[in-house]
Each structure stands twice: as structure tokens, then as C-alpha cells.
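*Asks:* Please work out how this folds:
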Amino acid sequence: MSRPLGRVALAVAALAVAGLSAAAPTASAAPVAAPVVAPAAPPRAATVGVDQPAVDLSTLSMIPTAMAGVLNPDPARTQTSSIASSVWSVRQAGTKIFVGGMFLDVKADAAATAVRQPFLAAFDVTTGAWDSSCRPALDNAVYALAVSPTGSLLVGGEFTTVNGAARPGLVALDPATCAVDPTFPDTVERPYSTQRAAVRDLVVADGKLYLAGNFSRVTGPNSTHTGVFKVARVDATTGKLDTTFKPEVTGSGVWGIAVDVPRNRVHLGGWFSGVAAASGTSNYAVVDGTTGALATGLTARPRNNTARTEVYDVELGTADRVYVGGSEHLLQMLDAGTGDQLAFSHTGYNGCEATRFTWCNYIGAGGDFQVAERIGKYVFGGCHCNDDYVGTSPTHYSSVTKTFTKHKHLMAYEAGTETLVDSFRPDVDGAVEGAWAVGSDTNGCLYVGGDYTKGGAAAGRSMWVSGIAKLCPKAAPKPAGDTTAPTAPKNVEAVDLGGGVLQVQWTDSTDAVGVDHYRVAVTGGASVDAAAGPAKVTGVPAGTATVTVTALDAAGNVSAGAAVSIATGRTGGDTASPTAPTGLAVSAAAAGGAALTWTASTDAVGVKSYLVYRDGTYVGWSATPAWTDSAAPAGSALTYTVRATDAAGNRSVKSAPVTVTLK
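*Replies:* Residues are numbered from 1 along each chain as shown. Okay, here's the model as predicted:
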């Protein structure tokens, strides 16, 4: 769906704070504007600053690999509170994967207790386990991560303190210890505003660090409160400010930056009103790489909707391609030398003309492109396009293939040809926000971050995901040295649904690294693997069956089995599940613990009882739509869900989760 009005109002309010007004778009909405008069040729050969390990999409599994996650985004810790994405950036540094965002907690798996580790967390690059030895302490949201030439983790965001010391907006950390790197002292400021300074993007190229966001001063080894205009360039190792590079950006801020080293140009995207007071430069502009002056002679960027022209990210695809993602539901591929539009993709609308570029004939389910990331030979484009079709209409359109396809959340394009990789369809789902971050690691795994809550549903292997999903090669390396099996599942329940189908539920296992999946085996040979319960096993013969559930981790260690016997062979009868409970509310109980209430489910025959889950683990049941969890611990974030069951054993899907912290 289209970006909510609240987000437009947010940008307008930010402009008002700065004492500026948004400039009206002046560029044409035509697919390609007038040709350039004198395009700049690349002065020399150079890379475009690709710094993330390559991935092989032909071997990548679309079902996530189990890893710890992040959760509970806090809108109060960001100036973009209408965007409730837990994750904003992901990057490998050393042997760790770092995840930055507006989350408050980390969690090992669905059954684990959440642990407070806000805004920046580290995970083992092989196992995906949270690294509790690396606990940087920041006071507000993290938006951007990069790696310096010396291996330090560069962090940008809205924070004002790091590990107890004042470090507004920018800091370098030792990835091994998460201690502040004292050799990189730079910080940013926003002294004439009531809002915090913010760094939204970081790019390292040719030994320089480019930082973009909403700030007006930089303090470093050679600068004290030196004035800048939302963009700056410093030495990526020492932090020394380059005072000759000074783009004059006005308005709300810069969200994305891309460095074209061969042409000595820098591309800027965001919610800003203009560059150098020039018309037609709102939200996207190209500046000279030496001085920051506005580059001239380029074709104006086409706008598919002149009322919505915001840009969230820009990225160099190849030495002669630049990707621009933003409103309205649009990802553009431009010629880096001329600015001409070469191709585009969009979601959620059909277009008016034969080229299908102009915004009209909205079909729904689409969303703005929020991230563009070059990894290896692909550019990944992510959006809050949460459905791949509406009715019978696919929602993603590519001007290269001139076809609509069923893609959502994250797409991959071949850098250079801009061809959509049709087979790349990650099996992940979230609430609203879609993809905001893409990264990779040296094991060939791909990470996508946002507000994700589950994976594997399309493949029938629904599994817990929280904020960040990890997609690995189908023959990904097993965790080294893990020889400890998970604990055995508990409380196995089996219900005969009739027609040779059993529905099996259990209490999840725990593992030192993490449970990868469960195996449900029935006497007679029928079995199924599932990321979580409940699981359905088909082809079960009539008689008496023994159902055994075991847990497996990524290293292949298998737990002891937990079993239950059941009479099978029921025919016909009730096979319809109740509706999911709604309106779940959780509060502190008068006698201690948590008091839960919800709106009753309905069922064709009748609801028998309700099952209550805390942090993914079954904790009790009730015959009525109310229950008290007297054992609920205080002081930690607790997430509750409820499902209904009928007399035939059919179970509803779980209710929407509710998270509380008891005092």
C-alpha cells in the first residue's frame, strides 16, 4: 500500500523546523527527460566501492536459517516514529554480524526470554547466536553501519551517548570487544534545532568515509564544530574532515548516498528540498566529488508522481548504473554518466501509458522502495510491498521484461542488465514495514532486515523470525565444534483429524546454538520436518500410532525423542478450525503475574478451550476467554499469544501478539 500520510507530514514538519519549505517538484513525469548536453566521461577505471561479500542466488535457500533475532522497536528513540522497523542496517565486521535499528531487545529463539540490548547487537556469523560478550550501550536508534579500512565498525544514527560517553551521531567500535575506537573521534551536531543530529547513511570509498543525514556540524581531529550541510567526507581511518567537499543541501535531510569514484561524483537521495538553491534538485541530486558543487549537464530524474518524490536510498549498481529507490513505489535505474532513465521497477500499480511508468491505476499491496544494496553481481531492492498479488493480479512490474510478477519485500536485479532474478523470492513475512536493510557474510549468506516475524510459511515450514532473516546456501557450513544436542521436546499432543491426518503440537526445545527444526515421526513410516509446531502428518494408517518428536540443530545433533500414543483411523467429522482469538489484552494481575483477556473465537461446532503461549512457549489453557499467568516474571518484555481449540482437536492460528513488561 502507499506510504501513510503521517510520513509525508513528518518530512514537512522537519522542513518547518529548519525554517524551510519543500520545493515543488519541477522535473517531468515522463519516463525519460531531455538528453544531456555534455555527459562526463569516467576519468579512470575504479571500483564502485562494493564491500559486502558476494552471494550465489542459484544455491541460496529461500527459507531462512535459524538465528537469534531483535524485537520491540521503540518509536520514542527515533525521529521517524511512523516507521516501526526494528532493523535499519546489517553488516559483517570480523566474525560477527552487527544489526542496528530501533529495537530494544534480542532473543535467542521463540521460546527464549528476551534480553535488553537496544539499538545495536552482534551475532555469530556462523551460528547466528547472539554474542552476549559484545554489548555496546547506545541511547537512541542506529541507522547505518560500515567497516573502515582498518576493520573498525562505523556506526551512524540518532544516539547521543555510546558506552556512557558523549558521542552524538557517529562512532567507531572495535568489532571484537565493542569498545569505542579512540583513534576515530568524529561526532556530528545539530545545534540550532530541537531535534537530535542524525546520520542515516555511511559509505566507505577510496579510503574516505561519506556520511549523510541531518546534521550541521562535524567535530573531529582537525575540526571543531565545523559547519556542513547534512553531508560530509572524512578520512575513514583518522576521521580528518575534508573541508573542500561541502554540498549545500537544504531541507529535512539526506537518507542515502552513493559514491561514483570513476566520475568523481556523489549521488544524494532523501527528503531534502534542494541543493545549492537550484530548481529541480529536491530529493535527488548529483554533486561534484571534489567540491560538492552541483553537477551540471545531467538529465533530470523522471518522477512518476510529482506529488510524491521522496528518495530513501541510492546505490551504484555498476560503474555506469545508479539505482534510486523511493516514492512512488519506484526503483529507477539511471545512466550514471548522463542521468537518463534506463529501466525501472514498481509495485502496486498498473501505470497509465504503454511504458507503465506514470502513477495511476493503483491495484494495492505495493510500497515505496526503501533500500538498494549492491552485493556481488546483484542489486537488491527492498520495499514495504507486503503482498505479491492482489486477487489474481501480480504486483511487481519490471520495464526490462515488461511483465508483472509475484514478488514482494525484496527483489534481486542483475547489475548491468537490470534484469529481475525471477527465482529470488525470499520466504519471509512481516507486519507492515518490509525490507529496510540488506547484508551478506563470508559464508555466502544473505540477510534482510525490517519488521519480519516469520519465515518458511510459503513452503509449509512456518518458523520464528524476529526482525532479521538469514538466507544461506543450501549446503551452508555447519556450526564448527557444536556437538551438543538440543533438549527433548515436551508436552507432545496429537489429534486425529481424520483421513489419515494427525496434527501434532509440543513445547519447544532449547539448544546452546539454536534449534534448526523438528522431526515428527509416526509408526508406519510417515514423518514430516517442521520449523515449529503445530505440524500435520499425512498418510497415517488406522490403528494405534506412536508419534515421536525430536529436535535437530544446524550441526545435525538430534535430541532425545518425546512420544505419545494415539488411536487413529477417524473418518469424517469436524475438520474445520476455530477462528483466531482477537482483541488480546494483557495487564498486571492484582495478585501478581499477568491477566489476559480476549474476544472469544467462533467454531462450526463449538470452541472447547484456549491455549496460552508466553514468548512462544505453551504456559496454560482456559475454557473461557480469560486467564491469569501467575508465573509471569517481572522486569522483562513478555510476548503473549492465544489460540482456540475445538472438541475435534482442530486449532486456530494464534492471535496477534501482545508484548508487555510487568513492573
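*Asks:* Which residue of this structure lies farthest from its centroid?
*Replies:* Within the chain, G543 marks the point farthest from the mean C-alpha position, 47.4 Å out by CA atoms, centre = their mean.
*Asks:* So what sits opposite that residue in the bridge?
*Replies:* T568 (DSSP bridges).
*Asks:* just T405 next, same as before
*Replies:* H396.
*Asks:* Contacts only, for it.
*Replies:* T405 makes contacts with 388, 394, 396-398, 420, 422, as judged by CB atoms under 8 Å, 6 or more residues apart in numbering. (Each C-beta comes from the backbone N, C-alpha and C, glycine too.)
*Asks:* Which single one of those residues is nearest to A459?
*Replies:* D388 (14.5 Å; CB to CB).
*Asks:* Could you report the neighbour count for S58?
*Replies:* By other CB atoms under 10 Å, the residues close to S58 number 10.
*Asks:* Tell me the secondary structure at it.
*Replies:* Using DSSP: H, G, I helix; E, B strand; the rest coil, the three-state assignment for S58 comes out as coil.
*Asks:* Which per-residue confidence value corresponds to it?
*Replies:* Here the pLDDT value assigned to S58 is 92.
*Asks:* quick one: the strands in the stretch 301-450 of the chain?
*Replies:* In the stretch 301-450 of the chain, the strands defined using DSSP state E, counting those that start in this stretch lie at 311-318, 321-326, 330-335, 341-347, 369-375, 378-383, 389-390, 393-394, 396-398, 403-405, 410-414, 428-440, 446-455.
*Asks:* what's the closest of the ones you listed to A111?
*Replies:* strand 446-455 (14.9 Å).
*Asks:* list the contacts for the residue farthest from the centre of the chain?
*Replies:* Taking CB under 8 Å, 6+ apart, one finds 567-569 in contact with G543.
*Asks:* V266 now?
*Replies:* 210, 231, 247, 257-260, 286-289, 292.
*Asks:* That one: which element?
*Replies:* In this structure, V266 sits in strand 265-275 according to DSSP states H and E.
*Asks:* Pairing partners for that strand, with directions?
*Replies:* Strand pairing for strand 265-275, using DSSP bridges, gives strand 249-260 (antiparallel), strand 284-288 (antiparallel).
*Asks:* For the ones you listed, give me JSON lines that also has mean pLDDT.
*Replies:* Output for those, formatted as JSON lines (pLDDT from 0 to 100):
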{"stretch": "strand 249-260", "mean pLDDT": "96"}
{"stretch": "strand 284-288", "mean pLDDT": "98"}
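*Asks:* okay, the ones you listed, which one's buried deepest?
*Replies:* Among the strands paired with strand 265-275, strand 249-260 has the highest mean neighbour count (mean count of other CB atoms under 10 Å), at a mean of 25.
*Asks:* Give me the distance between Q92 and P302.
*Replies:* Distance of Q92 to P302, computed by CB to CB, to the nearest Å: 36 Å.
*Asks:* Repeat that for G444.
*Replies:* Using CB to CB, G444 is found at 36 Å from P302.
*Asks:* same question, D629
*Replies:* For D629, the distance to P302 (CB to CB) stands at 56 Å.
*Asks:* hang on, isn't A165 packed against V180?
*Replies:* Yes: using CB atoms under 8 Å, A165 makes contact with V180 at a distance of 7.0 Å.
*Asks:* neighbour-wise, which of the two wins?
*Replies:* Applying other CB under 10 Å to A165 and V180 shows that V180 carries more neighbours, namely 20 against 9.
*Asks:* Who are the contact partners of that one?
*Replies:* By CB under 8 Å, 6+ apart, the contact set of V180 is 162-163, 165, 167, 171-174.
*Asks:* ok, back up a step: so how do I select the buried members of the contacts of T405 in ChimeraX?
*Replies:* Those of these that count as buried under 16 or more other CB atoms under 10 Å are selected in ChimeraX with:
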select :388,394,396,397,398,420
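*Asks:* Now the residue nearest to R651 when sequence neighbours are not counted. Its backbone dihedrals?
*Replies:* In space, and not counting its chain neighbours, R651 is closest to T645: 4.8 Å by CB to CB, 6 or more residues apart in numbering. The phi and psi values for T645, taken as degrees, to the nearest 10, are phi -130, psi 150.
*Asks:* so T645 makes contact with Y610?
*Replies:* Yes: at 7.3 Å, T645 counts as touching Y610 under the criterion of CB under 8 Å.
*Asks:* Just the pLDDT at the nearest residue to K377 once chain neighbours are set aside, thanks.
*Replies:* Take K377 and drop its neighbours on the chain: the residue closest to it by CB to CB, 6+ apart is A415, 5.6 Å away. Looking at A415, its pLDDT is 95.
*Asks:* any idea how far A415 is from T405?
*Replies:* Separation of A415 from T405 (CB to CB) stands at 19 Å.
*Asks:* Equivalent analysis for A580, please.
*Replies:* Taken as CB to CB, the spacing of A580 relative to T405 amounts to 31 Å.
*Asks:* sorry, back to before: among the contacts of T405, show me the least confident.
*Replies:* Where pLDDT dips furthest among the contacts of T405: D388, at 81.
*Asks:* That one contacts F404, doesn't it?
*Replies:* No: with contact defined as CB under 8 Å, D388 and F404 do not form a contacting pair (10.1 Å).
*Asks:* Now do the shared contacts for the two.
*Replies:* Contact criterion CB under 8 Å, 6+ apart; residues shared by D388 and F404: 394-396.
*Asks:* Tell me the one of those nearest W88?
*Replies:* W88 has its nearest neighbour among those in H396, at 23.3 Å by CB to CB.
*Asks:* ok, now which ones touch that closest one?
*Replies:* 345-347, 385, 388, 404-408, 411, 420.
*Asks:* Could you dump the residues you listed into CSV and include distance to A521?
*Replies:* Shown next, in CSV, are the contacts of H396 (distance: CB to CB, whole Å):
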residue, distance to A521
S345, 45
H346, 47
T347, 42
C385, 39
D388, 34
F404, 42
T405, 38
K406, 34
H407, 36
K408, 34
M411, 38
L420, 40
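*Asks:* Please list only the buried members of those residues.
*Replies:* Neighbour-count burial (16+ other CB under 10 Å) applied to the contacts of H396 gives 345-347, 385, 388, 404-405, 407-408, 411, 420.
*Asks:* Neighbour count for Q92 and P302, which is higher?
*Replies:* Remark: of Q92 and P302, Q92 carries more neighbours, 24 against 21, as counted by other CB under 10 Å.
*Asks:* Now that one: which helix or strand?
*Replies:* Assigned by DSSP H and E, Q92 belongs to strand 87-93.
*Asks:* For that strand, which helices and strands make contact with it?
*Replies:* Strand 87-93 sits against strand 96-101, strand 142-147, strand 153-157, strand 428-440, strand 446-455, strand 463-471, with contacts defined as 3 or more CB pairs under 8 Å, 6 or more residues apart in numbering; DSSP states H and E.
*Asks:* ok, and what's touching it?
*Replies:* Contacting residues not belonging to strand 87-93 are listed as 52-53, 70, 97-103, 125, 141-147, 151-153, 157, 175, 436-442, 447, 449-451, 467-468 [CB under 8 Å, 6+ apart].
*Asks:* mind redoing it with 6 Å?
*Replies:* Strand 87-93 is contacted from outside by 98-101, 143-145, 147, 153, 175, 436-437, 439, 441, 447, 449-450, 467-468, using CB atoms under 6 Å, 6 or more residues apart in numbering.
*Asks:* R461 reaches A531, doesn't it?
*Replies:* Yes: here R461 reaches A531: they are 4.8 Å apart, a contact under CB atoms under 6 Å.
*Asks:* So for these two, which residue has more residues nearby?
*Replies:* Shown here are R461 and A531; by other CB under 10 Å, A531 has more neighbours (24 against 18).
*Asks:* Need the nearest residue in space to the more buried one, chain neighbours excluded.
*Replies:* Among residues not flanking A531 along the chain, M463 sits closest, at 2.8 Å (CB to CB, 6+ apart).
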